[in-house]
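Give me a 3D structure for the following:
(chains A and B)
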Amino acid sequence: MINRVCWALIIVLVSAPAGLAGASNTDVASGAGIAVIVNTDNPVDQLSIADLQRIVLGERRSWSARIPLVLMMRNEGSRERILLLQKACHMTDAEYHQYWTGKIFRGDVTSEPVALPSMGTALNFVSSIKGGISFIDAASVRPGIKVMRVDGHLPGEQGYPLQ
Amino acid sequence: MRSAKSAIHASGLAVVILLVLLLAITPGAEAQTQPSSETDQVDAATLRSMLKRIAELEAEVKDLKAAKTEQAAGNSAVTKTVQPQDVSPAPSPDITVSNPQILEAQRGMQFRGFGDVDLQGGNSGQSNGFQLGIFNLLMTSRLSENVGFLGELVMDVSSTGMFQIEPERVLLAYRPNDYFHASLGRYHTGIGYYNNAYHHGAAFLQTATGRPLLFAFDDQGGVLPIHKIGLSLTGRIPSGPLGLNYIAEVGYGPSSHMGMDMSSSNPMMTVTDDHNGRAFNLGFIARPLPWHPAQFGFDVYHADRTPMGMPSFSENIYAGHFLYQAPSFEFLNEAALIRHSSSMMGTFNTLGFYSQLSRKCHAWRPFVRYNYLNAPEMEPIFTTTGRQSGPAGGLRYDVNESVALKLQFDHLDRRAMSAVNIVTMQTSFVF
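Numbering: from 1, shown residues only, chains lettered A, B, ... in the order given. Model prediction:
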């Protein structure tokens, strides 16, 4: 009897439609998309969406052996953060927060990434920190920072994954 | 009709004015307008930094307004393609104050707490009713750019009803880059996935109410060495899309002399091993990019154990895992073979595995797990383990991102003993 119940539960879990997950159903008006910005001295010019996911999830923490990666997320509830988490990590803000709680608990990191309150602050910090990376609305890109290609595309181009 | 509406509006306005007047003359409101003694003590340095910050923010607003004007005058943003690298000079913002703020935000001691309260019923032999789970206090601190500290104090109730406090992890970590991460101190061994992913008091983080049988804590009849004191090295191996990682650990193995530690009922080594013997663990983990978030891993562990009044045993553990863990879907599979060899007593193989499947449906997450653990009858170290196997299933509900409710049913068949059925309701939280 118990085994039958367990098998029934397994079948239900495997066959449930993916739409029930609710992790990536948030509808965020994307506009020009989200630009991934880094310092102009950063030797890396492009990332794959998988690389970006590893960066946002704190799995990749250096650009090279000598340049530490400083991840600067946008503050909770911001459009850039929601869209980035949705497109790159298939996560909600709450899931992302829970993910970092687990990461801190495992001893992988000592704290969550810094959350920047505005695009101006993100631009300022990225332009001043060599290994910095942050995310702003593509329409607000200004001189003094480098915009990363993601999967070979820039914001505004067809196929750019963060829009 | 219109006159009636305007009368209602007028009376509403009068009530609002009356409330504002009442609030203005209440003592509380008066007290708020008076400068407190604490406010008087704000030093000049704080005021200077606040003024500087205001100036920064004003400059930022000015920049944003200018950018907005440029944007309005320029091309449509949606169709514009951003240049990959703009070498024009930066607008030289004043970042001398803000940069340390960012770094300081990650320094300093940070505390987090985990805990759970369980309501349990069944025929396991334990008392039915409410039980206080583990209360875990986690401390982390970033000491410098590459050095961090982690301390974990666990408070729980022993079988005798006494509270006990134990430092489960004390780690000094050095991480200069992704390829090299060294941790020194007391840590969870890197055997398999579950042991290092879910520590003491991690009820909130794990899907089910407890750990799989294979990864039960050593003071709860577990068969794997959960802790070690020593050095752990981890890092990435440059391997492109294969996503290879290594783990190499050397530490003191578990004590075999149960009961020698008089400070608590915990038979696990707390300070050093009785024979000062070392244990080694070497493992590789692959996270192939094309199959993200799948993970494969394999570990080999070796230690020498000397149970009281028995000859020395060589302990070799071979563990492997495959898991797929996305936010909405979780499929964990791990197996381990524990081999105890002695020239005098022969070889004993203990096999264990578990498989866990869960799927998130909004705030709900139903899950099912199968446990299996089989130690030979004459096993000299796992004398009470025997064979245990059976399914478990349940439902988790995330009240919010800090509180979870779980309901779980466990069924366990045991060799030469009656089966165990347990129902557990758990409230777990993080703060």
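
CA only for contacts and neighbour counts going forward, please
Will do.

Quick check: the residue of chain A nearest chain B.
For chain A, the residue closest to chain B is A:Gly144, as judged by CA to the nearest CA, at 4.0 Å.

which SS class is that residue?
Recorded secondary structure, A:Gly144: coil (DSSP: H, G, I helix; E, B strand; the rest coil).

wait, doesn't A:Val56 sit right on A:Leu71?
Yes: at 7.2 Å, A:Val56 counts as touching A:Leu71 under the criterion of CA atoms under 8 Å.

which ones are touching B:Leu153?
Residues counted as contacts of B:Leu153 (CA atoms under 8 Å, 6 or more residues apart in numbering or on different chains) are B:Asn136, B:Leu137, B:Leu138, B:Ile165, B:Glu166, B:Pro167, B:Glu168, B:Arg169.

what about the fifth one, how many residues close to it?
Put plainly, it is B:Glu166. B:Glu166 has 14 neighbours, counted by other CA atoms under 10 Å in any protein chain shown.

Next one, pLDDT for it please.
We have a pLDDT of 85 for B:Glu166.

Identify the bridge partners of it.
Following DSSP bridges, B:Glu166 is listed with bridge partners B:Val154.

List the contacts of it.
Residues near B:Glu166 by CA under 8 Å, 6+ apart: B:Leu153, B:Val154, B:Met155.

give the contact list for B:Leu231.
Here B:Leu231 is in contact with B:Ala182, B:Ser183, B:Leu184, B:Gly185, B:Glu249, B:Val250, B:Gly251 (CA under 8 Å, 6+ apart).

Could you do B:Arg365 as well?
B:Thr207, B:Ser358, B:Arg359, B:Leu395, B:Arg396, B:Tyr397.

Go through those and name the one nearest B:Thr234.
If you rank the contacts of B:Arg365 by distance to B:Thr234 using CA to CA, B:Thr207 comes first, at 25.8 Å.

My guess is the closest one contacts B:Tyr397. True?
No: here B:Thr207 does not reach B:Tyr397: they are 9.7 Å apart, not a contact under CA under 8 Å.

which of these two has more neighbours?
Shown here are B:Thr207 and B:Tyr397; by other CA under 10 Å, B:Thr207 has more neighbours (24 against 19).

That one falls within a helix, correct?
No: when classified by three-state DSSP, B:Thr207 is found to be coil rather than part of a helix.

Report pLDDT for the residue lying closest to it once chain neighbours are set aside.
Excluding the flanking residues, the one nearest B:Thr207 by CA to CA, 6 or more residues apart in numbering or on different chains is B:Arg396, at 6.9 Å. According to the prediction, B:Arg396 has pLDDT 95.

Quick check: which helices or strands does the helix or strand containing B:Arg396 pack against?
Applying DSSP states H and E as the criterion places B:Arg396 in strand B:387-398. Secondary-structure packing of strand B:387-398 (3 or more CA pairs under 8 Å, 6 or more residues apart in numbering or on different chains; DSSP states H and E): helix A:2-15, strand B:364-374, strand B:403-414.

of all the ones you listed, which lies closest to B:Glu145?
B:Glu145 sits nearest to strand B:403-414 of all the helices and strands packed on strand B:387-398, at 32.5 Å, using CA to CA.

Quick check: neighbours of that closest one in the sheet, parallel or antiparallel?
Taking DSSP bridges as the criterion, strand B:403-414 forms sheet pairs with strand B:387-398 (antiparallel), strand B:417-430 (antiparallel).

And the average pLDDT for it is what?
Averaged across strand B:403-414, pLDDT comes to 94.

Sort out which residues of that strand are buried, please.
Applying a neighbour-count criterion of 16 or more other CA atoms under 10 Å in any protein chain shown, one finds B:Val403, B:Ala404, B:Leu405, B:Lys406, B:Leu407, B:Gln408, B:Phe409, B:Asp410, B:His411, B:Leu412, B:Asp413, B:Arg414 buried in strand B:403-414.

Can I get that strand as CSV, trimmed to CA atoms?
Extracted in CSV, the C-alpha atoms of strand B:403-414 (Å, rounded to 0.1, in the frame of the first residue of the first chain):
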residue,chain,number,x,y,z
VAL,B,403,9.3,30.0,7.5
ALA,B,404,8.4,26.6,6.1
LEU,B,405,5.8,24.0,7.3
LYS,B,406,6.3,20.3,6.5
LEU,B,407,4.3,17.2,6.9
GLN,B,408,6.2,13.9,6.4
PHE,B,409,5.4,10.2,6.7
ASP,B,410,8.3,7.7,7.1
HIS,B,411,8.1,4.0,6.7
LEU,B,412,11.2,1.9,7.6
ASP,B,413,11.6,-1.9,7.3
ARG,B,414,14.3,-3.3,9.5
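
and it with strand B:364-374, angle?
Strand B:403-414 and strand B:364-374 are oriented at 30 degrees to each other (axes from the mean of the first three to the mean of the last three CA atoms, to 10 degrees).

No further queries at this time; thank you.
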